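[1] My questions concern the predicted model and sequence given below.
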Amino acid sequence: MFGIDSSELLVIVIIAVIVIGPKDLPRALYKVGQIVGKAQGMARHFRTGIDAMVREVELEELEKKWAAQNKRIMDEHPPETSTDALPAPVETSAQDGAPDAPATFVAQSAPVEQPPFVAESAPVATSASDGPPYVADAAAPQLRKDDAAA
């Protein structure tokens, strides 16, 4: 710790007790601890800022290096301009739509499977006697179209 030997530390403590006094020594050590803590916090903040700047410089160098390598690779292997690799779009003719409609392209996709029919709203039931109508519990299972026929 700061290159202070135990005998030197003992001398500093004895001088502090004589100069400051035993009554005010704890308060003085508390203040010294606060100052040392603030100094360490500022040093940590400064070091973090320097590290961030170094990382940014390294990142810029890597980006330049990657851009140069990417350019070299693209120059060595130009992209193919052939349309054989792309799927051909499906063209609908004007005969399918209106007589004067221009031809349009439709993307090919798999058919969409429709979910089974589920009732749009919960059934309304009334209470046995004079109470107002109530809606059945939403957590109750809903009937499907083919269940209702059975």
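    Sure thing, it's come through.

[2] Run through the helices of this protein in chain order.
    With DSSP state H as the definition, the chain shows helices at residue ranges 6-20, 25-76, 145-149.

[3] okay, those helices in CSV with mean pLDDT and mean neighbour count next?
    Placement of C-beta: from N, CA and C, glycine included. Shown next, in CSV, are the helices of the chain (pLDDT from 0 to 100; neighbours: other Cβ atoms under 10 Å):
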stretch, mean pLDDT, mean neighbour count
helix 6-20, 88, 11
helix 25-76, 94, 10
helix 145-149, 57, 9
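
[4] Can you say which of those is nearest to residue 113?
    With Cβ to Cβ as the measure, helix 145-149 is the member of the helices of the chain nearest residue 113 (15.7 Å).

[5] Would you mind extracting the C-alpha trace of stretch 6-22 into PDB?
    Coordinates of the C-alpha atoms in stretch 6-22 are reproduced here as PDB (Å, rounded to 0.1, in the frame of the first residue of the first chain):
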ATOM      1  CA  SER A   6       4.500  -1.000   9.200                       C
ATOM      2  CA  SER A   7       6.900   0.900  11.300                       C
ATOM      3  CA  GLU A   8       6.400   4.000   9.200                       C
ATOM      4  CA  LEU A   9       2.600   3.600   9.500                       C
ATOM      5  CA  LEU A  10       2.900   3.400  13.200                       C
ATOM      6  CA  VAL A  11       4.900   6.600  13.300                       C
ATOM      7  CA  ILE A  12       2.200   8.400  11.200                       C
ATOM      8  CA  VAL A  13      -0.600   7.100  13.500                       C
ATOM      9  CA  ILE A  14       1.300   8.300  16.600                       C
ATOM     10  CA  ILE A  15       1.800  11.800  15.100                       C
ATOM     11  CA  ALA A  16      -1.800  11.900  14.000                       C
ATOM     12  CA  VAL A  17      -3.000  11.100  17.600                       C
ATOM     13  CA  ILE A  18      -0.700  13.800  19.000                       C
ATOM     14  CA  VAL A  19      -1.600  16.500  16.400                       C
ATOM     15  CA  ILE A  20      -5.300  15.800  15.800                       C
ATOM     16  CA  GLY A  21      -6.100  14.300  19.200                       C
ATOM     17  CA  PRO A  22      -7.800  11.000  20.100                       C
END
